[in-house]
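>>> For reference, the sequence and a predicted model appear below.
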Amino acid sequence: MTRAMARGEEAAFREFYEAYFDRLRRYLIVVARGDEHAAREALQLALVRVARHVKPFASEAAFWGWLTVLARHALTDEARKQRRWFAFRERFARHTETASGSDDDGGAAEARLRELLAQGVAALPPEERELVAQKYFEGRSVRDLATARQTTEKAVESRLARLRAKLKAAVLARLKEKDAHDE
């Protein structure tokens, strides 16, 4: 299977998915100490890395060992990303408080961040804006969204990840614009 995957054969990737997806997901949930969101994000990242870097393995045990290392690294990368996001929010709150002279414990910063996020969402194309609204404002599950769009959960999760990155970039760009304008 790994030889066929290394050659890029789609059937081998389907076989891999069927054989290892649930096993790898369960492994990540255990390693993530029950944090299903972190496990799901890490699984998505790990699967992308498998597709990019797969090589032939002599045994199933060696392949599974490689998969678990890849998955643990993906989980660590996700945790780092989350820490960077929270650190960014904290820096943003301090910056906004300093700029506004406010001591309301980050309320102004939170309001500004929400405003920038709303502007970013409003700038999205209608289909993307609808997906963001359904997932994050209406609280619909990825499974419901996938069913409604007649696609896979994985496709919806990937699209949401790209949209989050797009929104983050838009917020950061607006912050940089404001900083440049204020100087």
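Nice, I can see it.

>>> Show me what the worst-scoring helix or strand of the chain on mean pLDDT is packed against.
The helix or strand of the chain with the poorest confidence is helix 60-100; it has a mean of 79 (mean pLDDT, DSSP states H and E). In terms of contact count using 3 or more Cβ pairs under 8 Å, 6 or more residues apart in numbering; DSSP states H and E, helix 60-100 is assigned the packing partners helix 10-31, helix 36-53, helix 107-123, helix 153-182. The C-beta positions use only the backbone N, C-alpha and C, and glycine is treated the same way.

>>> got a markdown table for these, with mean pLDDT too?
Formatted as a markdown table, the entries for the helices and strands packed on helix 60-100 read as follows, by pLDDT from 0 to 100:
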| stretch | mean pLDDT |
| --- | --- |
| helix 10-31 | 91 |
| helix 36-53 | 89 |
| helix 107-123 | 82 |
| helix 153-182 | 85 |
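
>>> Give me the distance between residue 136 and residue 152.
In this structure, residue 136 and residue 152 are 20 Å apart, going by Cβ to Cβ, to the nearest Å.

>>> sorry, back to before: just say which of the helices and strands packed on helix 60-100 is most tucked in.
Relative to the other members of these, helix 36-53 carries the highest mean neighbour count by mean count of other Cβ atoms under 10 Å, namely a mean of 18.

>>> what's that one packed up against?
Helix 36-53 sits against helix 10-31, helix 60-100, helix 153-182, with contacts defined as 3+ Cβ pairs under 8 Å, 6+ apart.

>>> so which of the helices and strands packed on helix 60-100 comes closest to residue 70?
Evaluated over these, closeness to residue 70 peaks at helix 36-53, with 5.1 Å, by Cβ to Cβ.

>>> Find the centremost residue of this protein, please.
Ranked by distance to the mean C-alpha position of the chain (Cα atoms, centre = their mean), the top residue is residue 161 at 4.3 Å.

>>> Is it in contact with residue 44, as I believe?
Yes: the pair residue 161 / residue 44 is scored as a contact, 6.9 Å apart, by Cβ atoms under 8 Å.

>>> so which helix or strand takes in residue 56?
In this assignment (DSSP states H and E), residue 56 forms part of neither any helix nor any strand.

>>> Setting aside sequence neighbours, what's the nearest residue to it?
If you skip the residues right next to it in sequence, residue 56 has residue 3 as its closest partner in space, 4.4 Å away by Cβ to Cβ, 6 or more residues apart in numbering.

>>> Please identify the helix or strand for the one you found.
Secondary-structure assignment from DSSP H and E places residue 3 in helix 2-6.

>>> Name the residues of that helix that come out as buried.
2, 4-5 (16 or more other Cβ atoms under 10 Å).

>>> can I get those in TSV with pLDDT?
Formatted as TSV, the entries for those read as follows, by pLDDT from 0 to 100:
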residue	pLDDT
2	87
4	87
5	88
